[in-house]
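> Return atomic coordinates for the entry below.
(chains A and B)
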Number of protein chains: 2
Amino acid sequence: MLALASASAGATVLRGKIIAEDIRSKVASEIRQMKESVGEVPGLAAILVGQRPVSQSYLRNKRITCEEVGMKFELTQLPENCTTEQVCNAVSYFNEDPSIHGILVQLPLPKHLDEVKILDEVCLDKDVDGFHPLNIGSLALCGKEPLFIPCTPKGCVELLLRYNVKLMGKHVVMIGRSNIVGLPLSLILQRHHATVSILDVFSSNPEKISREADILIVAAGVPNLVRSSWLKPGVVVVDVGTNPIKDPSEKYGYRLTGDVCYEEATTIASAISPVPGGVGPMTVAMLLLNTLESAKRTFNLT
Amino acid sequence: MLALASASAGATVLRGKIIAEDIRSKVASEIRQMKESVGEVPGLAAILVGQRPVSQSYLRNKRITCEEVGMKFELTQLPENCTTEQVCNAVSYFNEDPSIHGILVQLPLPKHLDEVKILDEVCLDKDVDGFHPLNIGSLALCGKEPLFIPCTPKGCVELLLRYNVKLMGKHVVMIGRSNIVGLPLSLILQRHHATVSILDVFSSNPEKISREADILIVAAGVPNLVRSSWLKPGVVVVDVGTNPIKDPSEKYGYRLTGDVCYEEATTIASAISPVPGGVGPMTVAMLLLNTLESAKRTFNLT
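Below you'll find the predicted structure:
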């Protein structure tokens, strides 16, 4: 278990990258055992529509990570102008493929596609992203257990827990309530008995409420939204923002920046996750865990 | 549309009883039309386990209200010591009955019964309480529409809207996060773009957060939990608490009291819902609406 630094030492950096390495090595070891015991490995399928550079970069990472841990990875690429039906067909192909245990539709999809219909097509047993309403409903309800918990929110909570950040009774302010991050994250935090405030673009005084937070989680998609004036001294900050900023000096022509002004926050917070190297690697690690879990269910290994 | 009183005039009373009367008369009129056009009326079935006086009183109200609006009402009563299987059988009997469009399992159930299993048995099309995980998940997710919205939370929001209380951008503090009130209510409020804080028994300083609320909704089940020191001047208060207090002078030996100290709150709040006569009648009105909606779907009248 990692400990937070004392205030005088500056903010502890919540190194998702290092935690994710640890998780990956455990996943790799479980996959080796699975191969020995049942002669199979977990399989993850991804569907990418269009050429969005950030999505391509995410999927490159996912492929590399899968290969490293011994997981099968398949990618179907469709052109930007494809139809909803074509994407649904790609999903249903993987629904039927017994070597695939997790299906991932890379979001965001082009605007002309029916995202709800496409995500509904993913069969519940392979919904490793955990976006199906039945999974979200089971996550919300006390006494129910979802088959899968969405990867980014699950990764944020795992990151906090690994650094021994207590959640019970703490005031967690969540900025952003998207279907894929803010909403499910608020539900997981409630399961941990945190007191959760959920802010969105309509909130009349987000700065004031944020300043009340013991833990501030930002998933707004607005670069440098959160400045030092938004932070209570000693707050723990998790920055989920991954905003691509054009930068010709970078290999793929852009770099990622968070929703939090990192340099300012690091002087006030007791802990903060960096971008990149914070939540991002945790998301991929949780995707591996969910796919592994799905395969174990298939092979009755749980 | 009703208007809130000015501060000097004391708190406006949010009279759910009067709003509910209006809704009931509209439901009655729609049921008369339905009978004329398709020769059928909506049917609501309730299952009660044991002899809990408050539950019996709720069901008496529901029966009377159904009869008043011309809705069929059937009640199955089971003894306190019945089995989960017996309750499930009662549910599945109504699942099969084509004259029943809504099924209601009166909560709380005795502790020895498997509540999750029993509620799962209610078929999705007749889940007028809206407690099925698929309904809750669809309520949570932006872009999804639940078949039914749980009655008490739906009634609270309807009460606020009828009194022209704006929700968008307002800070709503929700005390209590039960599956049947607090959780779904927090999800509905987010659909209305409110900024929602959800407190529970583990919250370290509920009084302080409550004092930040533009709208305070209390569903804790603790009589007189909220005192004047919890309230910001001008706050709108919705009291969902319905705590039975022994009172031999009352007809059934008890009276209901809320979670908010009403006398104190009425001097500080701009509006407050009373107990009884506030949220309670709205809950029953929403149950009628949900059952009517279900029947209309069955008869293709929507």
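> only C-alpha atoms for contact and neighbour calcs from this point on.
Fine.
> what number of residues lie near A:R255?
Other residues lying near A:R255 total 18 when counted by other Cα atoms under 10 Å in any protein chain shown.
> Oh, that last question was meant for A:N243, not what I typed.
Burial of A:N243 is recorded as 19 neighbouring residues (other Cα under 10 Å).
> got it, and A:V236?
Residue crowding around A:V236 was assessed by other Cα under 10 Å; the count is 29.
> From chain B, how far off is it?
Using Cα to the nearest Cα, to the nearest Å, one gets 17 Å for the distance from A:V236 to chain B.
> ok, now which ones touch that residue?
Neighbour list for A:V236: A:D214, A:I215, A:L216, A:A269, A:S270, A:A271, A:I272 [criterion: Cα atoms under 8 Å, 6 or more residues apart in numbering or on different chains].
> can you pull the buried residues of the helix or strand in which A:L160 is found?
A:L160 is part of helix A:151-162 when elements are defined by DSSP states H and E. Across helix A:151-162, burial judged by 16 or more other Cα atoms under 10 Å in any protein chain shown covers A:C151, A:T152, A:P153, A:K154, A:G155, A:C156, A:V157, A:E158, A:L159, A:L160.
> residues near the residue nearest to the fifth one when sequence neighbours are not counted, how many?
The one in question is A:G155. Closest residue to A:G155 in three dimensions, ignoring its sequence neighbours and counting by Cα to Cα, 6 or more residues apart in numbering or on different chains: A:M282, at 4.8 Å. Look at A:M282: counted by other Cα under 10 Å, it has 29 neighbours.
> hang on, the earlier thing: taking the buried residues of helix A:151-162, tell me the two that lie furthest apart.
A:C151 and A:L160 (14.3 Å; Cα to Cα).
> that older thread, and of the buried residues of helix A:151-162, the nearest to chain B?
Sorting those by how near they are to chain B, with Cα to the nearest Cα, puts A:P153 at the top with 14.8 Å.
> surely that closest one meets A:L187?
No - with contact taken as Cα atoms under 8 Å, A:P153 and A:L187 are classed as non-touching, separated by 9.3 Å.
> Now the element after the helix holding A:L160, going C-ward?
Moving toward the C-terminus from helix A:151-162, the first helix or strand encountered (DSSP H and E) is strand A:171-175.
> That following strand pairs with which strands, and in what direction?
Under the criterion DSSP bridges, strand A:171-175 sits next to strand A:195-199 (parallel), strand A:215-218 (parallel) in its sheet.
> The helix holding A:L160 - what's its average pLDDT?
Predicted confidence along helix A:151-162 averages 98 (mean pLDDT).
> Pull the residues that contact that helix.
If you take Cα under 8 Å, 6+ apart as the criterion, helix A:151-162 is touched by A:1-2, A:14, A:16, A:19, A:128-130, A:166, A:180-182, A:184-185, A:188-189, A:238, A:279-280, A:282-287, A:290.
> SS state for A:V238?
Each residue gets one of three states, and A:V238 gets strand by DSSP: H, G, I helix; E, B strand; the rest coil.
> What pLDDT is listed against it?
A:V238 carries a pLDDT value of 98.
> Likewise for the one 3 residues further on?
A:G241 carries a pLDDT score of 96 in this model.
> in what helix or strand does it lie?
Assignment of secondary structure by DSSP H and E places A:G241 within no helix or strand.
> got a list of what it touches?
If a contact means Cα under 8 Å, 6+ apart, then A:G241 has A:V218, A:A219, A:A220, A:G221, A:V222, A:P223, A:T257, A:G258, A:D259, A:V260, A:V275 as its contacts.
> 6 Å instead, please
Each residue near A:G241 by Cα atoms under 6 Å, 6 or more residues apart in numbering or on different chains is listed here: A:A219, A:G221, A:G258, A:D259.
> show me what contacts the residue of the stretch 1-150 of chain A found nearest chain B?
Here the residue of the stretch 1-150 of chain A nearest chain B is A:G137; by Cα to the nearest Cα that distance is 3.6 Å. Residues in contact with A:G137 (Cα under 6 Å, 6+ apart) are B:P133, B:L134, B:I136, B:G137.
> quick one: which of these sit in helices?
Here DSSP state H is the test, and the contacts of A:G137 give B:P133, B:L134, B:I136, B:G137 as lying in helices.
> Compare those residues and tell me which is most surrounded.
Neighbours here mean other Cα under 10 Å. Within these, the largest count is held by B:I136, at 30 neighbours.
> How about that residue: what's its closest non-neighbour residue?
A:G137 (4.9 Å).
> near chain B, which residues of the stretch 1-150 of chain A show up?
Selection of the stretch 1-150 of chain A residues close to chain B by Cα under 6 Å from any Cα of the partner chain yields A:P133, A:L134, A:I136, A:G137, A:S138, A:L141.
> Can you get me a residue count around the last one?
Yep, that's A:L141 we're talking about. 24.
> which residue packs closest to it, ignoring adjacent ones?
Excluding its sequence neighbours, the residue lying closest to A:L141 (Cα to Cα, 6+ apart) is B:N179, at 5.8 Å.
> Quick check: residues of the stretch 151-300 of chain A near chain B?
Where the stretch 151-300 of chain A comes near chain B, counting by Cα under 6 Å from any Cα, the residues are A:G169, A:N179, A:T195, A:V196, A:S197, A:I198, A:L199, A:F202, A:S203, A:S204.
> how does it look with 7 Å?
Proximity of the stretch 151-300 of chain A to chain B is confined to A:168-170, A:179, A:193, A:195-200, A:202-204 under the rule Cα under 7 Å from any Cα of the partner chain.
> ok so A:I18 is a helix residue?
Yes - A:I18 forms part of a helix when assessed by three-state DSSP.
> Tell me which residue of the stretch 151-300 of chain A lies closest to chain B.
Going by Cα to the nearest Cα, chain B is nearest to A:S197 of the stretch 151-300 of chain A, at 3.9 Å.
> Dig out what that residue forms beta bridges with.
Here A:S197 shows beta-bridge partners A:V173, B:S197, assigned using DSSP bridges.
> number of nearby residues for it?
One way to gauge burial is a neighbour count; for A:S197, by other Cα under 10 Å, it gives 26.
> Now do the contacts for it.
A:V172, A:V173, A:M174, B:V196, B:S197, B:I198 (Cα atoms under 7 Å, 6 or more residues apart in numbering or on different chains).
> Relative to A:N300, how far out is it?
Counting by Cα to Cα, to the nearest Å, the separation of A:S197 from A:N300 is 39 Å.
> Looking at the contacts of A:V236, which are in strands?
Secondary structure defined by DSSP state E assigns A:I215, A:L216, A:A271, A:I272 of the contacts of A:V236 to strands.
> The second one touches A:V238, doesn't it?
Yes - judged on Cα atoms under 7 Å, A:L216 makes contact with A:V238 at a distance of 6.3 Å.
> The residue nearest to A:L141 falls within a strand, correct?
No - the assignment for B:N179, made by three-state DSSP, is coil rather than a strand.
> got a pLDDT number for it?
Reading off the model, B:N179 has pLDDT 95.
> Could you check how many residues crowd around it?
Look at B:N179: counted by other Cα under 10 Å, it has 16 neighbours.
> thought it was touching A:K144?
No - checked against Cα under 7 Å, the pair B:N179 and A:K144 is beyond contact range at 10.4 Å.
> Tell me which stretches of the stretch 1-150 of chain A form strands.
Along the stretch 1-150 of chain A, the segments classed as strands by DSSP state E, counting those that start in this stretch run A:12-13, A:43-49, A:72-78, A:102-105.
> quick one: strands adjacent to the first one?
It stands for strand A:12-13. The pairing partners recorded for strand A:12-13 under DSSP bridges are strand A:271-272 (parallel).
> ok, now the third one?
The strands beside strand A:72-78 in its sheet (DSSP bridges) come out as strand A:43-49 (parallel).
> How about the last one?
In the sheet containing strand A:102-105, its partner strands are strand A:43-49 (parallel), by DSSP bridges.
> Dump the strand it pairs with to PDB, restricted to CA.
Once side chains and other backbone atoms are set aside, the C-alpha atoms of strand A:43-49 remain, and they are given as PDB (Å, rounded to 0.1, in the frame of the first residue of the first chain):
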ATOM      1  CA  GLY A  43      -9.900 -12.500 -26.300                       C
ATOM      2  CA  LEU A  44     -10.700  -8.800 -26.700                       C
ATOM      3  CA  ALA A  45     -12.300  -7.300 -29.800                       C
ATOM      4  CA  ALA A  46     -12.300  -3.600 -30.700                       C
ATOM      5  CA  ILE A  47     -14.300  -1.700 -33.300                       C
ATOM      6  CA  LEU A  48     -13.000   1.600 -34.500                       C
ATOM      7  CA  VAL A  49     -15.000   3.900 -36.800                       C
END
